[in-house]
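**Q** The sequence isn't on hand, but the structure is:
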């Protein structure tokens, strides 16, 4: 059951990147060049494929590296709060 949930989360993350993030960045007049995520399983497989399709570099934070991971977590918190 866990594998199905993880695959589903990866598909959802990939879909969110392609259908929400990329169009909004383009609408703002910017070019999406890189996506920084943590090492979660939802940011592998389907998500990596979506990054390749969008020609976006996917970078993961280093484990136990508080500075970059803290930035990612804060941004996620802001996004969840705003939406």
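**A** Cool, got the structure. Predicted, not measured: the structure shown is a model, and the values here were computed from it.
**Q** top helix in this protein by residue count?
**A** helix 66-82 (DSSP state H).
**Q** I would like the residues contacting that helix, please.
**A** Outside helix 66-82, the residues within contact range by CB atoms under 8 Å, 6 or more residues apart in numbering are 36, 37, 38, 61, 62. No exception for glycine: its C-beta is placed from N, CA and C like everyone else's.
**Q** can you pull the contacts of residue 39?
**A** If you count contacts by CB under 8 Å, 6+ apart, residue 39 has them with 60, 61, 63.
**Q** Including neighbour count, could the residues you listed go into a markdown table?
**A** Compiled in a markdown table, these are given as follows (neighbours: other CB atoms under 10 Å):
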| residue | neighbour count |
| --- | --- |
| 60 | 16 |
| 61 | 18 |
| 63 | 8 |
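**Q** The contacts of helix 66-82 in helices, which ones?
**A** Per DSSP H, the contacts of helix 66-82 never map to helices.
**Q** okay, among the residues you listed, which ones form the most distant pair?
**A** 37 and 62 (12.0 Å; CB to CB).
**Q** So between those two, which is more surrounded?
**A** Using other CB atoms under 10 Å, the more surrounded residue of residue 37 and residue 62 is residue 37, with 19 against 12.
**Q** Is the more buried one in contact with residue 61, as I believe?
**A** Yes - counting by CB atoms under 8 Å, residue 37 touches residue 61, with 7.2 Å between them.
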